[in-house]
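*Asks:* Predicted coordinates and the sequence they were generated for:
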Amino acid sequence: MCGRYVLYLSPSTLESYLRTSGLAISAAPDAYQPRYNIAPGQTAPVITLAPNSGENVSLQLTPMKWGVTLTATTPSATPQQQWTQINTRAETLAAPTGFWDRLKPYRCVVPSNGFYEWLPATGQPHHATPSPGMPPLLFAGLYDPSTNTYTIITTPSSTTLSFLHARMPTILSAGDASRWLNADTSWDALQPLLVPWEGGALEVYPVAGEVGKVGNDSPTFVDRVSERKDGIRAGLERQRIVAAAAAASPSKEKEKEKKMEKRMAEDEPPETPPPGKTLKKSDDAKELPTPTPVKKTKTTKSATSNAANRRSPKKTKKKPTPDGNRKITSFFK
């Protein structure tokens with residue numbers, strides 16, 4: 001199936017491509033904003049036959065709502081027996097009668113730059129888009145003129161997309177789109193167009209899960225998840241930049257250590273050169289005088305003398321004066 005798609009070509013670029021492909025638009029298309037997450041129930045531009053185009057096929061780009069409302073055809077049908085179809089199987093349209101029989105004359109082409117599908121095993125959204133150099137995609141569809149709504153026709157998936165989903169939108173070349181829109185082409189003659197697309201390579205890659213929420217819309221939705229600014233590759237690149245910056249500029253602790261080493265080096269006395277040599281720290285350094293070696297004499301001491309030396313020295317008593325009195329300082333005079 002096709003539950004989300006994108007259209008970010010500007011109106012002028014789309015009109016120019018259609019004109020060069022033989023699908024000239026009769027009037028300048030209405031302005032529309034680039035969309036990266038078109039969801040069911042939202043409005044998007046659709047290519048249809050212009051009213052009263054006559055023999056000269058004239059096309060127009062009309063904004064329509066995605067999703068055709070169908071009603072049970074029984075006489076006792078109630079509003080509860082109505083439902084909205086955003087996709088229609090090509091196999092169902094092959095039947096001569098049915099709910100879609102009244103809409104078969106109202107054929108349209110839905111321009112797109114790609115669509116999303118979710119991998120059943122993991123729920124990971126993927127984006128399928130034309131390879132570089134390929135033109136935009138043109139989906140086959142039907143529309144209801146009474147409600148100004150449209151549906152996209154689907155076929156079994158191609159070999160490229162079979163791993164992702166069992167269904168895919170019917171993609172038309174520019175020439176087939178012209179035949180699809182031509183009111184003179186019989187329905188039977190159009191059946192060969194409703195087949196899986198094998199006309200050109202489609203790139204398919206994982207995208208961010210934000211696309212799953214209706215109302216979200218951003219150009220980053222079509223970016224590969226590994227190349228987004230918040231993706232894996234960007235995260236690794238940020239880590240590399242941080243590591244390189246840390247290596248280029250030392251940490252504060254290392255700076256403190258270097259300052260401390262420098263300060264200690266400045267506080268240390270200059271190295272004393274060996275005898276007869278000069279300092280080479282500066283051009284002003286002069287030859288220092290050769291220091292005179294001091295001879296050390298060895299003294300031999302006996303054990304007894306050592307022991308005697310370790311004893312406390314004796315106190316000497318002052319000798320008395322001849323008159324028997326001690327000599328005192330005459331500070332009283």
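*Replies:* Happy to help now that I have it. Numbering: from 1, shown residues only.

*Asks:* alpha carbons only for contacts and neighbour counts from here, please
*Replies:* Fine.

*Asks:* what mean pLDDT would you report for stretch 108-124?
*Replies:* Averaged across stretch 108-124, pLDDT comes to 94.

*Asks:* residue ranges of the strands in the stretch 101-250 of the chain, please?
*Replies:* Applying DSSP state E, counting those that start in this stretch to the stretch 101-250 of the chain gives strands spanning 107-112, 114-118, 125-130, 137-144, 149-156, 167-169, 202-206.

*Asks:* so can I have a markdown table of the ones you listed showing mean neighbour count and distance to residue 13?
*Replies:* Output for the strands of the stretch 101-250 of the chain, formatted as a markdown table (neighbours: other C-alpha atoms under 10 Å; distance: least, C-alpha to C-alpha, whole Å):
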| stretch | mean neighbour count | distance to residue 13 |
| --- | --- | --- |
| strand 107-112 | 25 | 12 |
| strand 114-118 | 23 | 16 |
| strand 125-130 | 21 | 16 |
| strand 137-144 | 24 | 14 |
| strand 149-156 | 25 | 23 |
| strand 167-169 | 24 | 23 |
| strand 202-206 | 18 | 21 |
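
*Asks:* Nearest to residue 89, out of the ones you listed?
*Replies:* strand 149-156 (5.1 Å; C-alpha to C-alpha).

*Asks:* returning to that earlier point: switch the strands of the stretch 101-250 of the chain over to a markdown table; also include distance to residue 21.
*Replies:* Listed next are the strands of the stretch 101-250 of the chain as a markdown table, based on distance: least, C-alpha to C-alpha, whole Å:
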| stretch | distance to residue 21 |
| --- | --- |
| strand 107-112 | 13 |
| strand 114-118 | 19 |
| strand 125-130 | 17 |
| strand 137-144 | 12 |
| strand 149-156 | 21 |
| strand 167-169 | 21 |
| strand 202-206 | 20 |
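
*Asks:* burial measure for residue 159, as a count.
*Replies:* Applying other C-alpha atoms under 10 Å, we find 10 residues neighbouring residue 159.

*Asks:* What separation do you get for it and residue 140?
*Replies:* 20 Å (C-alpha to C-alpha, to the nearest Å).

*Asks:* The nearest residue to residue 136 once chain neighbours are set aside: how many residues sit nearby?
*Replies:* With C-alpha to C-alpha, 6 or more residues apart in numbering as the criterion, residue 136 has its nearest non-adjacent residue at 5.2 Å, and that residue is residue 113. Residue 113: 19 surrounding residues under other C-alpha under 10 Å.
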